[in-house]
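Student: quick one, what's the 3D model for this:
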Amino acid sequence: MYHIFVNDKPIVLTTKIEKEDGFKNYLLSTVNIGKVIRELNTSSLESVRLIGKKEDKLLKKFLKLLPKVIAGGGKVYNTEGKVLFIYRNDKWDLPKGKTEKKETIEETAMREVEEETGVGGLEIVKPLETTYHIFKRNGRHRIKVTYWFEMTTKFDGELFPQEKEGITKVAWLDDTESQEALQNSYANIRILV
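Tutor: Numbering: from 1, shown residues only. Next comes the predicted model:
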């Protein structure tokens with residue numbers, strides 16, 4: 001089962017049909033994705049479920065419905081066990097961004113963390129869950145596929161928010177502060193933290 005977010009409402013990819021209660025079922029093979037996105041944005045629906053036949057083909061079929069943007073990002077821990085957060089568009093988020101030509105996804109993730117926060121000396125510990133969300137750019141919906149990595153750093157210098165990307169604050173947050181920040185974050189970030 002996969003979750004693709006439209007704002008904070010999920011499109012759930014599944015093979016199981018369940019009785020509708022706060023959500024709607026659609027067949028993945030015939031769905032009008034524009035209509036589904038509109039419904040999630042304008043109705044009280046909590047989610048939409050797209051039903052496919054084979055579990056291992058759900059994501060591949062869904063990703064053909066919209067143009068993809070591939071991104072990499074990091075959940076970065078410092079030596080005190082605090083997590084690196086950014087504040088952008090009035091929400092707490094983790095640093096991430098689009099891949100550039102001939103860059104591995106790991107290189108993208110580390111470059112984006114450094115560009116958006118000023119934090120260097122990054123080391124990837126392990127891959128984390130991949131997240132999916134739909135956004136609109138230039139009047140067209142796209143799906144952002146973000147590959148996340150847990151990272152560590154011994155960096156203890158000054159943090160620099162990348163203002164040209166709309167980032168107004170960068171902060172190392174402890175567990176309590178992280179939980180508070182997640183109250184004003186995105187559903188796909190709450191999955192990671």
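Student: which residues sit against the top helix by length along the chain?
Tutor: Longest helix in the chain by number of residues (criterion: DSSP state H): helix 105-117. Helix 105-117 has contacts (CB atoms under 8 Å, 6 or more residues apart in numbering) with 70-74, 76, 84, 86, 95-100, 103, 119-120, 122, 124, 147-149, 151, 159-162, 165, 167, 170. No exception for glycine: its C-beta is placed from N, CA and C like everyone else's.
Student: next structured bit after it?
Tutor: Per DSSP states H and E, the first helix or strand lying C-terminal to helix 105-117 is strand 123-127.
Student: which element follows that next one toward the C-terminus?
Tutor: Assigned by DSSP H and E, the successor of strand 123-127 is strand 131-137.
Student: quick one, the helix or strand just after that following strand and strand 123-127 angle?
Tutor: Counting by DSSP H and E, the next helix or strand C-terminal to strand 131-137 is strand 140-152. Between strand 140-152 and strand 123-127, the angle comes out at 120 degrees (axes from the mean of the first three to the mean of the last three CA atoms, to 10 degrees).
Student: so which bits of strand 140-152 are buried?
Tutor: The neighbour-count check on strand 140-152 (16 or more other CB atoms under 10 Å) flags His141, Ile143, Lys144, Val145, Thr146, Tyr147, Trp148, Phe149, Glu150, Met151, Thr152 as buried.
Student: export whichever helix or strand comes after that strand to CSV, keeping only CA atoms.
Tutor: Using DSSP H and E, the next helix or strand after strand 140-152 towards the C-terminus is strand 167-173. Extracted as CSV, the C-alpha positions of strand 167-173 are listed here (Å, rounded to 0.1, in the frame of the first residue of the first chain):
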residue,chain,number,x,y,z
ILE,A,167,13.4,29.3,3.6
THR,A,168,13.2,31.7,6.5
LYS,A,169,14.6,29.7,9.3
VAL,A,170,16.9,26.6,9.9
ALA,A,171,17.0,25.0,13.3
TRP,A,172,18.3,21.9,15.1
LEU,A,173,15.3,20.5,17.1
